[in-house]
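Asker: got a predicted structure plus its sequence, pasted below:
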Amino acid sequence: MTEKTALTPKTHTTPPARFSHGVRKGNILQVAGQVGFLPAEEGRPPTPAGPTLREQTLQTLANVKAILEEGGARWDDVMMIRVYLTDTAHFAEFNTLYNDYFGEQALTAPPAARTTVYVGLPAGLLVEIDALAVLG
Amino acid sequence: MTEKTALTPKTHTTPPARFSHGVRKGNILQVAGQVGFLPAEEGRPPTPAGPTLREQTLQTLANVKAILEEGGARWDDVMMIRVYLTDTAHFAEFNTLYNDYFGEQALTAPPAARTTVYVGLPAGLLVEIDALAVLG
Amino acid sequence: MTEKTALTPKTHTTPPARFSHGVRKGNILQVAGQVGFLPAEEGRPPTPAGPTLREQTLQTLANVKAILEEGGARWDDVMMIRVYLTDTAHFAEFNTLYNDYFGEQALTAPPAARTTVYVGLPAGLLVEIDALAVLG
């Protein structure tokens, strides 16, 4: 029996429902859909890092990374990154942000696979990202 | 060689294409996107449990659960739940239904991770859910 | 330590960002979201197989298959296929194409699970597909 553990970084706001920000069981780690909320502050509702794609993307990636690290994983362990944008016009800018971000992460393994689609998100949110990792 | 098996609860309507409602291979179990169709009745086309988010959500969760159980899994084994809604205005009600449902499932492990996005679905359908489980 | 390897068929165009067309680590293989781009030709930008759902679907499935094979997998190993269409009116035709395609693949295992949702895609693209495989 392998135990399933919840991954809940201290920086994260409480999920809006009965789900975990991330879970790990054996060598599989799943990160829930993250958005660009700033680190939680007591008494403050979840607050996006800013109105721009840049601010939200960088915060979202930081939020995903915090969950990976809480579970003992790194970006190098990530197999799949699912990106949900709200506007196809954001694709080029998002890719630049994505490339710059991962260029700074000192990866030693090949980058994860990725799917990017355009969906609706709650008002004010421009990007949501989740990730599946397999630990080595 | 680990065998891949199809998970086909007797209650389920025939998939509209060449896919399985669920598959299990080794300790990995994947549930296909489920919607709120009532248990199959011979001669009746797939029929939603009702027009409301509540009816469809509860039926959808029951349909996911039937596939998990067909594969020897429980909600406790689920790592990721992907929720597809059609209207951001449904988020709060959906979360209440979700929380109430899982509050009654006697989970002993942390809840699964989750991603919720807003997409198009076939006419009349308000919610679709799939799930990835890792058995213990 | 299991190594994560990138799966990059020679036929594929360069990804538009720092991600892999597919990755394999241990027995898990993830295919990135594929679209109906023709095999890469030097000096030509990524070019869809044609404007129709039929052309794009068949090319997309061929692109997914090439990545599976690059990683030593077959359709029989695929657990989950995620289908992103742009128009609910395409569902029936897509299913016919899907069924015909898999009818010709000489599968020996049950078909994969599947989720189909309707999203936005870059202009001119009608379908995107990704896949998760577990090798035997």
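Answerer: Done, it's in. Numbering: from 1, shown residues only, chains lettered A, B, ... in the order given.
Asker: all the helices of chain A, in order from the start?
Answerer: A:53-70, A:91-103 (DSSP state H).
Asker: do the longest one and chain B meet at all?
Answerer: Going back to what we said before, that points to helix A:53-70. No. Counting by C-beta under 8 Å from any C-beta of the partner chain, chain B is not contacted by helix A:53-70; separation bottoms out at 8.7 Å. Heads up, the C-betas are built off the backbone N, CA and C, glycines and all.
Asker: the shortest one too?
Answerer: No. No part of helix A:91-103 sits near chain B under the criterion C-beta under 8 Å from any C-beta; the closest distance found is 15.8 Å.
Asker: format the helices of chain A as a markdown table; extra columns: mean pLDDT and mean neighbour count.
Answerer: Listed next are the helices of chain A as a markdown table, based on pLDDT from 0 to 100; neighbours: other C-beta atoms under 10 Å in any protein chain shown:
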| stretch | mean pLDDT | mean neighbour count |
| --- | --- | --- |
| helix A:53-70 | 98 | 21 |
| helix A:91-103 | 97 | 16 |
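Asker: redo these as JSON lines? Include distance to chain C.
Answerer: Shown next, in JSON lines, are those (distance: least, C-beta to the nearest C-beta, whole Å):
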{"stretch": "helix A:53-70", "distance to chain C": "12"}
{"stretch": "helix A:91-103", "distance to chain C": "4"}
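Asker: tabulate these in JSON lines, adding columns for distance to C:R24.
Answerer: Compiled in JSON lines, those are given as follows (distance: least, C-beta to C-beta, whole Å):
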{"stretch": "helix A:53-70", "distance to C:R24": "19"}
{"stretch": "helix A:91-103", "distance to C:R24": "19"}
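Asker: closest to B:E104 out of those?
Answerer: helix A:53-70 (27.3 Å; C-beta to C-beta).
Asker: return the closest one as CSV; C-alpha atoms alone will do.
Answerer: Taking C-alpha atoms only, helix A:53-70 is exported to CSV below (Å, rounded to 0.1, in the frame of the first residue of the first chain):
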residue,chain,number,x,y,z
LEU,A,53,-0.5,38.0,-18.7
ARG,A,54,3.1,38.4,-17.6
GLU,A,55,2.3,38.9,-13.9
GLN,A,56,-0.2,36.0,-13.8
THR,A,57,1.9,33.6,-15.8
LEU,A,58,5.0,34.0,-13.6
GLN,A,59,2.9,33.7,-10.4
THR,A,60,1.1,30.7,-11.8
LEU,A,61,4.4,28.9,-12.6
ALA,A,62,5.8,29.8,-9.2
ASN,A,63,2.6,28.3,-7.6
VAL,A,64,3.0,25.1,-9.6
LYS,A,65,6.7,24.9,-8.6
ALA,A,66,5.9,25.3,-4.9
ILE,A,67,3.6,22.3,-5.1
LEU,A,68,6.2,20.2,-7.0
GLU,A,69,8.8,21.1,-4.3
GLU,A,70,6.4,20.3,-1.5
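Asker: what's the angle from it to helix A:91-103?
Answerer: 40 degrees (axes from the mean of the first three to the mean of the last three C-alpha atoms, to 10 degrees).
Asker: how close does A:F19 get to A:A112?
Answerer: 22 Å (C-beta to C-beta, to the nearest Å).
Asker: now swap in A:L61 and tell me
Answerer: 12 Å.
Asker: do A:T96 as well
Answerer: From A:T96 to A:A112 the distance is 18 Å (C-beta to C-beta).
Asker: do A:A32 as well
Answerer: A:A32 is 16 Å from A:A112, by C-beta to C-beta.
Asker: neighbours around A:E3, how many?
Answerer: 10 (other C-beta atoms under 10 Å in any protein chain shown).
Asker: just confirm it contacts A:K25, I think it does.
Answerer: Yes. With contact defined as C-beta atoms under 8 Å, A:E3 reaches A:K25; the gap is 7.0 Å.
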